[in-house]
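**Student:** Quick one, fold the following:
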Amino acid sequence: MKTVLLVVYLSITLWALASIIFHGSRPTKSISWVLAILALPFAGSILYYLFGVNRRKFKLFKLKETEKRRLYASWMQDLNNQKEFVVEFNSKKNKKLSQLINSNCMLSAYSGNKVVLLNSGEDTFESLFDSIQRAQKFIHLQYFIIEEGQVVDRLYKILKEKIQKGVEVRMIYDAIGSFALQRKAIKRFQHIGVKAHAIMPVRFGNLLFTLNYRNHRKLVIIDGHTGFTGGVNLSDMYLVSNDKLGIWNDFHLKIEGPVVNSLHRIFIKDYHFSGDEELLLQKKYLPDISQQGDSIVQMVTSGPDSKHPAIMQQYISMINSAEQSIYIANPYFIPGAIVLEAIKIAAMSGVDVHLLVPEKSDSILAKLSMFSNFEGLLRAGVNIYLRPDFSHSKVIVIDAAVASVGSGNFDHRSFEHNFETNALLYDKNLANAIVEKFKKRCKSAIHLEYDHFKDRSVIQKFTEGLASFFSPLL
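**Tutor:** Okay, here's the model as predicted:
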């Protein structure tokens, strides 16, 4: 029996090590996995199989799932492009960024949009429910977390009323993010006529594609001309104080205009792969949209089906293009060496860099990993602020001219494992409005000083360093 176990152990260990050597995406991450596999017999290899395999280079995954999604996205890219609103930038900086996103995501920048910045959960839900109540044809919702409570109860009542009036409702939710959502709650929505589907439900036959690869998007499309996206989930945690973290705070966007078609195509692809309904590729669901405002907006989408890590490349491109200022707000700032170096280079080159993160966190490992980077950033001249509440916002603003608001965190999970969506706003008024809110929040935050921070205890430094060892795996 011992011989059999030894053979099995050696076989799976050698397979895991060979996979890392041939398909590892980054040396730092590869080293972490090698050490985990050697330190944890059997368990390390199993964890690598579930969470560490680089799906972009894993042939079976590519053929079975990723390639299907890429082909579907390519097939959709020419639908309702509304070329009269596609923007050709005169600014070299904006043109370069826009082209990068277009090459990665096959989504253009569109003019003629109206964007409303929603600064809290209360603002978001009031605007969202008001728009849903005005729906005439269809309501499409997609969330990472749908959690039972007063928000979902209110949504249920509104949707029930709209369905009775003939409005179509479709809803998709992440199977892991919404794990606490009881089956009876889903059946309650389905009973009134909501076409509800879990995204990537965890099953034995599809563990490679589901367990570690989550759909982190938050999207709502109403009648094809109004869209919502950002960081707010369907949960009471944005309204009711949590004993540990208080009320979660976040940025969200209400968008009207031609770019809503881009947002809707993101939903349609995910809905197709969760429910297999192809009827959404119709003019009814992708209508031509007239000019609604003066904002230029471009959607950014990425996931395991992307050829490149689009969200990470978006952030790096924005950071490298900054000439005056960079403002970053993010709850999970664990970006890896490439992004960290880009931020340090910007700060040392005279760019005014500000980073706003929550002092509290829902993950102690993520918090310690995040803090492990601060000493180097402070030494380079980055201004770091710790918010007293839990800020869930995912925002970056460059030169008070271009802003990104969405679901993408500054961590490896958002860069490589999750399906994410950001909205790029080429609008100085909106960018300035976000910067002003950023500065206001900094006034009540703790401004870290390098001389004081570097003198934290040896135990604190040790625990941060230990946590950073796992950062490539987060």
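**Student:** ok, residue 430 - contacts?
**Tutor:** Contacts for residue 430 (C-beta atoms under 8 Å, 6 or more residues apart in numbering) come out as 115, 117, 295, 403. Any C-beta I mention is one placed from the backbone N, CA and C, and that applies to glycine too.
**Student:** Out of the residues you listed, which end up buried?
**Tutor:** Buried by 16 or more other C-beta atoms under 10 Å: 115, 117, 295, 403, out of the contacts of residue 430.
**Student:** from those, which is closest to residue 397?
**Tutor:** The closest of the buried ones among the contacts of residue 430 to residue 397 turns out to be residue 403 (C-beta to C-beta; 4.4 Å).
**Student:** And the closest one, how far from residue 251?
**Tutor:** As defined by C-beta to C-beta, to the nearest Å, residue 403 lies at a distance of 9 Å from residue 251.
**Student:** swap in residue 109?
**Tutor:** Per C-beta to C-beta, residue 109 is found 20 Å from residue 251.
**Student:** just residue 283 next, same as before
**Tutor:** To residue 251, residue 283 is 32 Å away according to C-beta to C-beta.
**Student:** circling back to that earlier point, columns pLDDT and distance to residue 289 on top of the contacts of residue 430, output as TSV?
**Tutor:** Below are those laid out as TSV (pLDDT from 0 to 100; distance: C-beta to C-beta, whole Å):
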residue	pLDDT	distance to residue 289
115	98	14
117	96	20
295	97	13
403	98	22
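**Student:** what about the helices in the stretch 201-350 of the chain?
**Tutor:** 207-210, 260-275, 310-321, 337-348 (DSSP state H, counting those that start in this stretch).
**Student:** hey, which of those helices is tucked in deepest?
**Tutor:** Mean neighbour count (mean count of other C-beta atoms under 10 Å) peaks for helix 260-275 among those, with a mean of 23.
**Student:** Distance from that one to the middle of the chain?
**Tutor:** 16 Å (C-alpha atoms, centre = their mean, to the nearest Å).
**Student:** i'd like the first residue to be 530 from this point on
**Tutor:** Okay, residue one is now 530; in that scheme the one you just asked about reads as helix 789-804.
**Student:** All the strands of the stretch 830-979 of the chain, residue numbers only.
**Tutor:** Under the criterion DSSP state E, counting those that start in this stretch, the stretch 830-979 of the chain contains strands at 854-858, 881-887, 912-916, 924-927, 931-935, 949-955, 975-976.
**Student:** buried stuff in the fifth one?
**Tutor:** In this case it means strand 931-935. Neighbour-count burial for strand 931-935 flags 931-935 (criterion: 16+ other C-beta under 10 Å).
**Student:** tell me what it is packed against?
**Tutor:** strand 755-759, helix 839-850, strand 924-927, strand 949-955, helix 957-972 (3 or more C-beta pairs under 8 Å, 6 or more residues apart in numbering; DSSP states H and E).
**Student:** Note down every partner strand of that strand and its orientation.
**Tutor:** Using DSSP bridges, the strands paired with strand 931-935 in its sheet are strand 924-927 (antiparallel), strand 949-955 (antiparallel).
**Student:** repeat for the shortest one
**Tutor:** Taking DSSP bridges as the criterion, strand 975-976 sits next to strand 912-916 (antiparallel) in its sheet.
**Student:** Direction-wise, compare the partner strand with strand 881-887 and give the angle.
**Tutor:** For strand 912-916 against strand 881-887, the angle by axes from the mean of the first three to the mean of the last three C-alpha atoms, to 10 degrees is 20 degrees.
**Student:** mind saving the C-alpha coords of strand 912-916 as CSV?
**Tutor:** This file holds the C-alpha atoms of strand 912-916, laid out as CSV (Å, rounded to 0.1, in the frame of the first residue of the first chain):
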residue,chain,number,x,y,z
ASN,A,912,1.0,59.0,-0.9
ILE,A,913,-1.0,56.3,0.9
TYR,A,914,-4.2,56.8,2.8
LEU,A,915,-6.0,54.4,5.0
ARG,A,916,-9.8,54.8,5.1
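**Student:** Show the average pLDDT along stretch 873-883.
**Tutor:** Across stretch 873-883, the average pLDDT comes to 98.
**Student:** Next SSE downstream of the strand or helix carrying residue 714?
**Tutor:** Using DSSP states H and E, residue 714 falls within helix 712-720. Next helix or strand after helix 712-720 toward the C-terminus (DSSP H and E): strand 724-728.
**Student:** that older thread, now the buried ones among the contacts of residue 959 as CSV including distance to residue 836?
**Tutor:** CSV is the format used below for the buried ones among the contacts of residue 959 (distance: C-beta to C-beta, whole Å):
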residue, distance to residue 836
644, 29
646, 32
824, 29
932, 26
